[in-house]
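[1] Sequence and computational prediction follow.
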Amino acid sequence: MTLCASSRGQPWTGSGFRVSFFKLVGEMEKDGRVGEGLTFHGLRHSVATDLREAGFDSRTIADMLGQKTTSMAEHYSSEADLSAKLKGVVRKLDKRNARRTKVSTSAG
């Protein structure tokens, strides 16, 4: 199955894709749309990080990246900022703990 085809309608060769990718990256750098030094490998990190921050699990991230196992997806997404997600977790735990630990004010 061909997912991406060249302008000739044929599957990309490794070198053909690489040349086209870096040509596009060069144009985007010149236009200020991406920072200098963007690589295809770096895109994996960016996609994995964005997916993890959006709440997707490691299996879904691995599937999106074309990885057989979740270990590389976990590696690529390891720098995700999960603070927003974890704030919600802490709020839920606080509510749960508040119900469990009601303080009695009556003298015993």
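    Yep, that arrived. Numbering: from 1, shown residues only.

[2] from what I can see residue 64 touches residue 47, true?
    Yes: contact criterion CB atoms under 8 Å: residue 64 and residue 47 qualify, at 6.7 Å. C-betas here are computed from N, CA, C, even on glycine.

[3] and residue 39, backbone torsions?
    With angles defined as degrees, to the nearest 10, residue 39 sits at phi -130, psi 160.

[4] lowest-pLDDT helix or strand in this structure?
    Lowest on mean pLDDT, DSSP states H and E among the helices and strands of the chain sits helix 83-100, with a mean of 87.

[5] Endpoints of stretch 69-87, how far apart?
    Stretch 69-87 has an end-to-end distance of 29 Å (criterion: CA to CA, to the nearest Å).

[6] Return the set of buried residues in it.
    70, 72-73, 76-77, 80 (16 or more other CB atoms under 10 Å).

[7] Relative to residue 43, which of those is nearest.
    The nearest member of these to residue 43, counting by CB to CB, is residue 76 at 10.0 Å.

[8] so what's the closest one closest to, chain neighbours aside?
    Once flanking residues are discounted, residue 76 sits nearest to residue 48: 3.5 Å by CB to CB, 6 or more residues apart in numbering.

[9] Could you confirm that neighbour falls within a helix?
    Yes: counting by DSSP: H, G, I helix; E, B strand; the rest coil, residue 48 falls inside a helix.

[10] show me the contacts for it.
    When contacts are counted by CB atoms under 8 Å, 6 or more residues apart in numbering, residue 48 touches 61, 64-65, 73, 76-77, 80.
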